[in-house]
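*Asks:* Fold the following, please.
(chains A and B)
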Amino acid sequence: MSFFAVFLGVPLAIYLLFVISPFVQAFYYSMTNWSGFTAEMDFTGIANYQRLFSDEIFMMSVRNNILLVVVLPIVTIILALILATMVTVGGSSRGQIKGLKNSGFYRVVSFFPYVVPAIVIGIMWKQIFAPSNGLVNGVLVSLGLDQFAAFAWLGRESTAMPVTMFIIVWGFVGFYMVLFIAAIKGIPAELYEAARIDGAGRLRTAVSITIPLIRDNVQTAYIYMGILALDAFVYMSVLNPVGGPNNSTLVMSQQLLTTAFNDGQFGYASAMGVILAIVTLIFAGLVFLVNRIVGGKDTA
Amino acid sequence: MATKTLPPKESAPSEAVVERKAENSPGDKAFGTVAHALLILWSAIVVLPLVWTLMTSFKTTSEIFSSPFSLPVEPNFVNYSNAWTTAGIGKYFLNTVIVVGAALVIVMVLGSMCAYILARFRFFGNKAIYYLMLAGLTFPVFLAIVPLFFILQNMGLLNTLPGLIVTYVAFALPFTVFFLFSFFKTLPHETAEAAAIDGAGEWRTFFQVMLPMAKPGIASVAIFNFLGLWNQYLLPVALNTNENNYVLSQGLARFASQAGYAVDFGALFAAVVITVAPVLVVYVIFQRQLQGSVSQGASK
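*Replies:* Coordinates of the predicted model:
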């Protein structure tokens, strides 16, 4: 039985100790006023949660996360779908169903950002959007738009969030494009041929054939991208370490870490973690529900 | 996947259809042009920032400030040596290789053992353990981070490389098990039975028969784990605050936030290149495998 003990016991022990037990403890800590530095803590019930809902800054970060979770997956998935469709079935409308020429090149290049570490994506784009010596302002000024000479893209409330979203989208479109390409290639060519014979145009084919048939992949992509949007910690902490102008890019994860390790309010921070987990679960549940309502069952 | 668009003469051997060369309609040409234009535009948006970063890494800081476009007067490698030694990137690089290397080996061994047991043996609690693993994939790491801090502290592993390794292993485990589970499930039972008849024990069957057969699956998971662990940021930021033990992502973040005041932008760009280069090389080498495993994921 040494076989069983080692093969199952060791991985499971590590997993329980370092993953499951912290999750469980976090729920308990979230109902205490533990500071983290002393052993003593009082059980305070839902006091932390009540406090959270009147915490202006935390609610601001919740709103920013919700904004991210609404915008990021939609933009990323639509862009990835358009690119993937063009690569796979964008070729001639006569003869065999085929993609564009050089599609392999586009696929490999588009995937590049996914292998660039998130922290590097942040650092790189922060320099590209830098006010005085960045690439973007350099291009704009050389085009004669002098008002951008020292434009602080990440330092203004109106542009900080959109620019941040663009950067995250940049990092993920290629990955989902490759995912969708694989899914579209799995669709039998006959279906496209039949649609074409029935006189369906390209747009019609994409909407009525491609999207319904890769519905489950889109759902997976939506959930993954949404979970990322609810985290977004790396990008935010590099692009705007303290939450951006007027906290306009502050997210829950940043606030949680500050509260725990800078302010020493571990109980309160744990409550934030629980809220983050609940929001994540609600989000995933919503995506499943919507997919089912829109007809995940009868079309697939 | 066939990405080349050679005339597919042998595409349907059973029916022996001779492909007619279809004329492209004007609409096709227009669509093709637009599609290519869009894909090229996207490829440029992907590649230009990377190229600009590479180019800038060879410029002196004063050159960087004079113009974002100018080529370096002469290729300047001082930035690289500054980044490597003064900014400590060399040290962080070594730490990262140690932590990611060790964690990767351990998680692949433990993960495949655990997945093997869960996929091939029936016992009480099998399903429960599987769902427990799945739960670890869905909960946000942020929820665990505060208690995890104290678990490591109590074990004397806080701010140490072994502590970081074991945490990496634990958090990469659910993904590894989840993915390899379906892989081991599909392996034929006959081979294992044959090995058993030939007198191989459980250990030998696993290491000499099953593991080699699962190689393709293990390779894909290993690549994803490598990328994930190499890019890991949150865990080290919270659990590894001793500057001597910093991993690359942390070191870069600190360097980038310092550069705001001390400004050695040239070295910052060089540090970015040093971080991206190994990952990009791994990607280019394993490009087919990686895209293949994304496709596998898509067909699940």
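
*Asks:* Every contact and neighbour count from this point should use C-alpha atoms.
*Replies:* Noted.

*Asks:* For stretch B:77-93, give the mean pLDDT please.
*Replies:* Mean pLDDT, stretch B:77-93: 87.

*Asks:* roughly how far is that stretch from the heart of the chain?
*Replies:* Its chain's C-alpha centre and that of stretch B:77-93 lie 23 Å apart, by Cα atoms, centre = their mean, to the nearest Å.

*Asks:* OK, now which residue of chain A is nearest to chain B?
*Replies:* Closest to chain B within chain A is A:Gly273: 4.3 Å, counting by Cα to the nearest Cα.

*Asks:* looking at it, that residue is touching B:Phe142, isn't it?
*Replies:* Yes - under the criterion of Cα atoms under 8 Å, A:Gly273 makes contact with B:Phe142 at 5.9 Å.

*Asks:* before we move on, back to that, doesn't the residue of chain A closest to chain B belong to a strand?
*Replies:* No - under DSSP: H, G, I helix; E, B strand; the rest coil, A:Gly273 sits outside any strand and is assigned helix.

*Asks:* Now for it: which residues touch it?
*Replies:* A:26, A:253, A:256, B:140, B:142-144 (Cα atoms under 8 Å, 6 or more residues apart in numbering or on different chains).

*Asks:* shared neighbours, A:Gly273 and B:Phe142?
*Replies:* In contact with both A:Gly273 and B:Phe142: A:253, A:256, using Cα under 8 Å, 6+ apart.

*Asks:* on that earlier part again, which among the contacts of A:Gly273 gets closest to A:Thr85?
*Replies:* A:Thr85 lies nearest to B:Pro140 out of these, by Cα to Cα, at 32.3 Å.

*Asks:* Against chain A, how distant is that closest one?
*Replies:* 6 Å (Cα to the nearest Cα, to the nearest Å).

*Asks:* Look at that residue and say how many residues are nearby.
*Replies:* 22 (other Cα atoms under 10 Å in any protein chain shown).

*Asks:* what do you get for A:Leu83?
*Replies:* A:Leu83 has 27 neighbours, counted by other Cα under 10 Å.

*Asks:* and the helix or strand hosting it, is it in reach of chain B?
*Replies:* Using DSSP states H and E, A:Leu83 sits within helix A:56-89. Yes - counting by Cα under 8 Å from any Cα of the partner chain, chain B is contacted by helix A:56-89 at A:83, A:86.

*Asks:* Show me what that helix is packed against.
*Replies:* In terms of contacts (3 or more Cα pairs under 8 Å, 6 or more residues apart in numbering or on different chains; DSSP states H and E), helix A:56-89 is packed against helix A:47-53, helix A:103-115, helix A:157-185, helix A:215-231, helix A:252-257.

*Asks:* ok, 10 Å please
*Replies:* Packed against helix A:56-89 by the contact rule (3 or more Cα pairs under 10 Å, 6 or more residues apart in numbering or on different chains; DSSP states H and E) you find helix A:47-53, helix A:103-115, helix A:157-185, helix A:202-205, helix A:215-231, helix A:252-257, helix A:266-293, helix B:26-56.

*Asks:* what's the weakest-modelled helix or strand in chain B?
*Replies:* Lowest on mean pLDDT, DSSP states H and E among the helices and strands of chain B sits helix B:287-298, with a mean of 62.

*Asks:* how about A:Pro113, what does it touch?
*Replies:* Neighbouring residues of A:Pro113 by Cα atoms under 10 Å, 6 or more residues apart in numbering or on different chains: A:120-121, A:168-175, B:46-47, B:50, B:280.

*Asks:* hang on, the earlier thing: quick one: which two of the contacts of A:Gly273 are the most distant?
*Replies:* The widest separation within those (Cα to Cα) is 14.6 Å, between A:Ala26 and A:Ser253.

*Asks:* If you count surrounding residues, which of those two has more?
*Replies:* A:Ser253 (29 against 25).

*Asks:* That one is in contact with A:Leu228, isn't it?
*Replies:* No - counting by Cα atoms under 10 Å, A:Ser253 does not reach A:Leu228; the two are 11.2 Å apart.

*Asks:* Name the residues contacting each of those two.
*Replies:* Residues touching both A:Ser253 and A:Leu228 by Cα under 10 Å, 6+ apart: B:Pro140.

*Asks:* Quick check: A:Phe175 touching A:Leu83?
*Replies:* No - between A:Phe175 and A:Leu83 there is no contact under Cα under 10 Å: 11.4 Å.

*Asks:* Quickly list what's touching both of the two.
*Replies:* A:107, A:110, A:181.

*Asks:* how about the first one, what does it touch?
*Replies:* Right, A:Arg107. A:83-84, A:87, A:174-175, A:177-178, A:181, B:3, B:39, B:43, B:291.

*Asks:* same thing with the second one?
*Replies:* Contact partners of A:Ser110, counting by Cα under 10 Å, 6+ apart, are A:80, A:83, A:104, A:170-178, B:39, B:42-47.

*Asks:* Check those for burial and list the buried ones.
*Replies:* Among the contacts of A:Ser110, those buried by neighbour count (16 or more other Cα atoms under 10 Å in any protein chain shown) are A:80, A:83, A:104, A:170-178, B:39, B:42-43, B:46.

*Asks:* with those in mind, which one is nearest to A:Pro11?
*Replies:* A:Phe175 (29.9 Å).

*Asks:* that older thread, which of the helices and strands packed on helix A:56-89 has the lowest mean pLDDT?
*Replies:* For the helices and strands packed on helix A:56-89, the weakest mean pLDDT is recorded on helix A:202-205, namely a mean of 81.

*Asks:* on that earlier part again, from the contacts of A:Arg107, which is closest to A:Met59?
*Replies:* A:Phe175 (31.5 Å).

*Asks:* now the closest one, nearest residue through space, not along the chain?
*Replies:* Leaving aside its chain neighbours, A:Phe175 sits nearest to A:Phe111 (5.6 Å; criterion: Cα to Cα, 6 or more residues apart in numbering or on different chains).

*Asks:* can you check A:Met165 too?
*Replies:* Spatial nearest neighbour of A:Met165, excluding adjacent residues (Cα to Cα, 6+ apart): A:Leu72 at 6.7 Å.

*Asks:* got it, and B:Thr96?
*Replies:* Per Cα to Cα, 6+ apart, closest to B:Thr96 is B:Val247, 4.8 Å.

*Asks:* list the contacts for that neighbour?
*Replies:* Contacts of B:Val247 by Cα under 10 Å, 6+ apart are B:89, B:91-100, B:161, B:164, B:230-233, B:236-237, B:240.

*Asks:* 6 Å instead?
*Replies:* Residues in contact with B:Val247, defined by Cα atoms under 6 Å, 6 or more residues apart in numbering or on different chains, are B:92, B:95-96.
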